[in-house]
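Enquirer: need a structure here:
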Amino acid sequence: MTEKLMKAIYSDPAQTITLTAWADTVAVDPRDNLLIAVRLGGYPEVTAGLVNAVSGGGTL
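Expert: Residues are numbered from 1 along each chain as shown. I've put the predicted structure just below:
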C-alpha cells in the first residue's frame, strides 16, 4: 500500500528530532513547482509535530 503514499520527513539534527508520516494527497503549484498542500496521516502526535514544524518554518 505504501507505493501510493509519499513519505514526509522533518529532521532537525541540532535537536536530534526526526518525524516521519505518510501523505496520500499532495498539491503542487505547476507554475512554480512548489508544494502548496499535503494531507498527512499516521499517529496524531507525529502528524501534529510535522504541522508545527512546517508552520514554524521547517521544511519537509
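Enquirer: Strands of the protein, residue ranges please.
Expert: 6-12, 17-29, 34-41 (DSSP state E).
Enquirer: Serialize those to CSV and add fields for distance to G57, mean pLDDT and mean neighbour count.
Expert: The C-beta positions use only the backbone N, C-alpha and C, and glycine is treated the same way. Output for the strands of the chain, formatted as CSV (distance: least, Cβ to Cβ, whole Å; pLDDT from 0 to 100; neighbours: other Cβ atoms under 10 Å):
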stretch, distance to G57, mean pLDDT, mean neighbour count
strand 6-12, 11, 91, 15
strand 17-29, 14, 93, 14
strand 34-41, 15, 90, 14
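Enquirer: mind listing what the residue positioned nearest the centre of the chain touches?
Expert: Nearest to the mean C-alpha position of the chain, by Cα atoms, centre = their mean, lies A8 at 3.9 Å. Residues near A8 by Cβ atoms under 8 Å, 6 or more residues apart in numbering: T20, A21, W22, A23, V38, L40, L50, L60.
Enquirer: For the residue nearest to I9 when sequence neighbours are not counted, give its distance to D29.
Expert: Excluding the flanking residues, the one nearest I9 by Cβ to Cβ, 6 or more residues apart in numbering is T20, at 5.1 Å. According to Cβ to Cβ, to the nearest Å, T20 stands 25 Å off from D29.
Enquirer: okay if I get the contacts of A8 as a markdown table plus distance to E3?
Expert: Compiled in a markdown table, the contacts of A8 are given as follows (distance: Cβ to Cβ, whole Å):
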| residue | distance to E3 |
| --- | --- |
| T20 | 17 |
| A21 | 17 |
| W22 | 11 |
| A23 | 13 |
| V38 | 18 |
| L40 | 18 |
| L50 | 21 |
| L60 | 19 |
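Enquirer: so which pair among those residues is furthest apart in space?
Expert: For these, the maximum inter-member distance is 13.4 Å, found between T20 and V38 (Cβ to Cβ).
Enquirer: Give the residue farthest from the middle of the protein.
Expert: Centroid-distance maximum for the chain: R31 at 21.2 Å, with Cα atoms, centre = their mean.
Enquirer: Which residues are in contact with V26?
Expert: V26 is in contact with M6, L35, A37, V38, R39, counting by Cβ under 8 Å, 6+ apart.
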